[in-house]
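> how does the following fold in three dimensions:
(one chain, ligands or ions: 1)
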Amino acid sequence: TIAARYLKRQRGLARDALARLAPEDGARDENEPEEALEAPLSLNARRVDAVIEVLREAGAERVIDLGCGEGTLLRALLADRRFTHIAGMDVSPRALERAAKRLRLDGLAPRQRARLELFQGSLTYRDARLAGHDAACLIEVLEHVDEARLPAVEEVVFGGARPGLVVLTTPNREYNVRFEGLGAGERRHPDHRFEWSRAELATWAEGVAGRRGYGVRFAGIGDADPEVGPPTQMAIFEREAAS
Ligand code: SAH
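Numbers count the residues shown, from 1 in each chain. The predicted structure follows:
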């Protein structure tokens, strides 16, 4: 009503405005632009493999995927029996619905179904459901949060949930110059609030680790370019024994 009245003499404009407000019809994937850009590098699959490898090495059994999206990592976790408890959290109910569909939650055998829990929540609000896991994953999520909210994310993940292991991936901004489809200074996805260089991730992550009693190391995902490094960067935080 507001759009139609405001733009009353110009139906076409009102229609455009409404189309932008209306929820997407499911045919379009929110991550489409970024996926199209990264698809030739198979980054989605390589991220999942790299994260699972870190989780296996650490012997993690109870894993929570924070900002699980449509469940790409959850699916890989479910396929591996060593992960006994798997939780997926996302702020978007629609992403969770899609995850449930993609994972065929309703069709899972009861024992498989019991391993998996999906729930809505936010990385910026303390939440008791986030505690009690060996590991938390934040895969391509941090860059969707306003930089001003990062202290809240730090408190929720490293103060409240406080798992032994936190695995985080985020774009390496330096690599953007290697994407032909990306203009200078453009980000990989319109919803990204920032994209960090390797030095910027290190500064943030080392600050968090120091304040919260974690050690942190870094790794690249995807073929590293000699000048600008890998397309995706990963920070691996391990809680120190005494903390
Ligand atoms: N980890 C998934 C999805 C990445 S897309 C994957 O790798 O495929 C980023 C996701 O973060 C989206 O699903 C979005 O809904 C979610 N997200 C953004 N802000 C969030 C917040 N504050 N708390 C929890 N999830 C959030």
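> could you list the low-pLDDT ranges of this structure?
1-4, 6-12, 14-16, 18-30, 243 (pLDDT under 70).
> switch the cut-off to 50
Scanning the chain for pLDDT under 50 picks out 24-28.
> ranges for the helices of the protein?
Along the chain, counting by DSSP state H, helices occupy 2-6, 11-21, 32-38, 43-58, 72-78, 93-102, 110-115, 150-154, 198-212.
> among the ones you listed, which comes closest to Glu180?
helix 32-38 (9.1 Å; CB to CB). Backbone N, C-alpha and C define where each C-beta goes, glycine included.
> among the helices of the chain, which is the most enclosed?
helix 72-78 (a mean of 20; mean count of other CB atoms under 10 Å).
> anything in it near the ligand?
Yes: using CB under 6 Å from any ligand atom, helix 72-78 comes into contact with the ligand via Thr72.
> now for that helix, which elements pack on it?
helix 43-58, strand 62-66, strand 85-90, strand 116-120, strand 135-139 (3 or more CB pairs under 8 Å, 6 or more residues apart in numbering; DSSP states H and E).
> want to throw those into CSV with distance to the ligand?
Formatted as CSV, the helices and strands packed on helix 72-78 follow (distance: least, CB to the nearest ligand atom, whole Å):
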stretch, distance to the ligand
helix 43-58, 7
strand 62-66, 6
strand 85-90, 5
strand 116-120, 9
strand 135-139, 4
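> distance to Gly181 added to these, as CSV?
Shown next, in CSV, are those (distance: least, CB to CB, whole Å):
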stretch, distance to Gly181
helix 43-58, 14
strand 62-66, 28
strand 85-90, 27
strand 116-120, 33
strand 135-139, 22
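> now for Val82, how many residues are close by?
Just to correct that, residue 82 is Arg rather than Val. 12 (other CB atoms under 10 Å).
> excluding its backbone neighbours, what's nearest the residue in the chain that the ligand sits nearest to?
Nearest residue of the chain to the ligand: Gly69, at 2.6 Å (CB to the nearest ligand atom). Nearest non-adjacent residue to Gly69, counting by CB to CB, 6 or more residues apart in numbering: Ala95, 5.1 Å away.
> again with Thr84
Glu61 (4.6 Å).
> next one: Phe179
Spatially, and ignoring its direct neighbours in sequence, Phe179 is nearest to Leu37 (5.4 Å; CB to CB, 6+ apart).
> what's the answer for Glu70, then?
Arg98 (4.5 Å).
> count of residues packed around the closest residue to Leu130 other than its chain neighbours?
Sequence neighbours aside, Ala161 is the residue nearest to Leu130 in space, at 3.8 Å (criterion: CB to CB, 6+ apart). Around Ala161 there are 22 other residues, counting by other CB under 10 Å.
> surely Ala161 touches Arg62?
No: using CB atoms under 8 Å, Ala161 makes no contact with Arg62, being 11.5 Å away.
> now do the same end-to-end measure for stretch 102-112.
15 Å (CA to CA, to the nearest Å).
> Gly213 touches Ala241, doesn't it?
No: Gly213 is beyond contact range of Ala241, at 9.5 Å (criterion: CB under 8 Å).
> more neighbours: the two, which one.
Set side by side, Gly213 and Ala241 show more neighbours around Gly213, with 14 against 8, by other CB under 10 Å.
> what's the more buried one sitting at in phi/psi?
Torsion angles at Gly213 (phi, psi; degrees, to the nearest 10) stand at phi 80, psi 40.
> list the buried ones in stretch 120-140?
121-124, 127, 130, 133-140 (16 or more other CB atoms under 10 Å).
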